[in-house]
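*Asks:* Okay, predicted coordinates and the sequence, questions at the end:
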Amino acid sequence: MYYWRVTKYNPKYRKNKKYVNNEWTTISDVGKSFNNTEFTFEEYLEYEKKYINAIILAMQESEIDNFVIEELEKNVYEEYPDLSETKAKEFYDSLKNGMPICTEKIGLVTKLILREMIWGKLISDSSFIHFGYDYYMYFGFEKDLKNARKSIENTRLFVENIRSPYLDNA
């Protein structure tokens, strides 16, 4: 199994396993200032899109059509302008543990997870995607997805060979 941690965090700012650069870590940071610059919703959406794209690239190269959501936890649903036309609330209400999530819905599930409205593990027979606190994402795939990794890194996300701390036997 090949394990990755995929994040927006540059490893050069990690000292003794702790990230030391002052950066946003959640959608609730929108409107706050980091390095004398206000963090905007538009900037948030750019990174969210990169994370969704990373998952889709990995799914395509590994030829996985869907995941099942496991250990689903629902928090409070919050409406955002970009979700109003996607029937996100209806989808949120329909989500159940063990539900298959196809490629067409992976973006919406990822948005709900990254925006902390839900949490869960995405699992298939041969792979997984886990989400951690502070905008960390973990992949596990049977194949070494070299093309997906290169494409993800080209979006200025960082891919590190790190096993998910959310594995049951971690």
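*Replies:* That came in fine, so what should we check first? A quick note: this is a predicted structure, and the numbers were derived from the prediction, not measured. Numbers count the residues shown, from 1 in each chain.
*Asks:* Pretty sure Asn21 sits in a helix.
*Replies:* No - applying DSSP: H, G, I helix; E, B strand; the rest coil, one finds Asn21 to be coil, outside a helix.
*Asks:* Run me through the strand neighbours of the lengthiest strand in the chain, direction for each.
*Replies:* Assignment by DSSP state E gives strand 66-74 as the longest strand of the chain. Under the criterion DSSP bridges, strand 66-74 sits next to strand 100-102 (antiparallel), strand 118-123 (antiparallel) in its sheet.
*Asks:* could you dump those strands to TSV with mean neighbour count, distance to Glu43 and mean pLDDT?
*Replies:* For the C-beta atoms, the positions are set from N, CA and C on the backbone; glycine is no exception. Below are the strands paired with strand 66-74 laid out as TSV (neighbours: other CB atoms under 10 Å; distance: least, CB to CB, whole Å; pLDDT from 0 to 100):
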stretch	mean neighbour count	distance to Glu43	mean pLDDT
strand 100-102	14	26	95
strand 118-123	20	23	96
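*Asks:* Reformat the ones you listed as a markdown table; add distance to Tyr3.
*Replies:* Listed next are those as a markdown table, based on distance: least, CB to CB, whole Å:
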| stretch | distance to Tyr3 |
| --- | --- |
| strand 100-102 | 21 |
| strand 118-123 | 14 |
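*Asks:* Next secondary structure after the helix or strand where Ile152 lies?
*Replies:* Secondary structure from DSSP states H and E places Ile152 in helix 146-154. Remark: after helix 146-154, the chain's next helix or strand is strand 158-160, criterion DSSP H and E.
*Asks:* rewinding a little: figure out how far the longest strand of the chain is from the centre of its chain.
*Replies:* Relative to the chain's own centre, strand 66-74 is displaced by 13 Å; criterion: CA atoms, centre = their mean, to the nearest Å.
*Asks:* ok, and for that strand, which residues are buried?
*Replies:* Buried residues in strand 66-74, counted by 16 or more other CB atoms under 10 Å: 67-69, 72.
*Asks:* what about this structure, any weak spots by pLDDT?
*Replies:* 169-170 (pLDDT under 70).
*Asks:* Please, where are all the helices along it?
*Replies:* Here the chain has its helices, by DSSP state H, at 41-62, 88-94, 103-114, 146-154.
*Asks:* Return the most buried member of those helices.
*Replies:* With neighbours taken as mean count of other CB atoms under 10 Å, the helices of the chain reach their highest mean count in helix 103-114, at a mean of 19.
*Asks:* Contacts made by it with the rest, please.
*Replies:* Identification of contacts with helix 103-114 by CB atoms under 8 Å, 6 or more residues apart in numbering yields 27, 48, 51-52, 55-56, 59, 65-67, 69, 83, 86, 88, 91-92, 95, 101, 118-120, 122, 131, 135.
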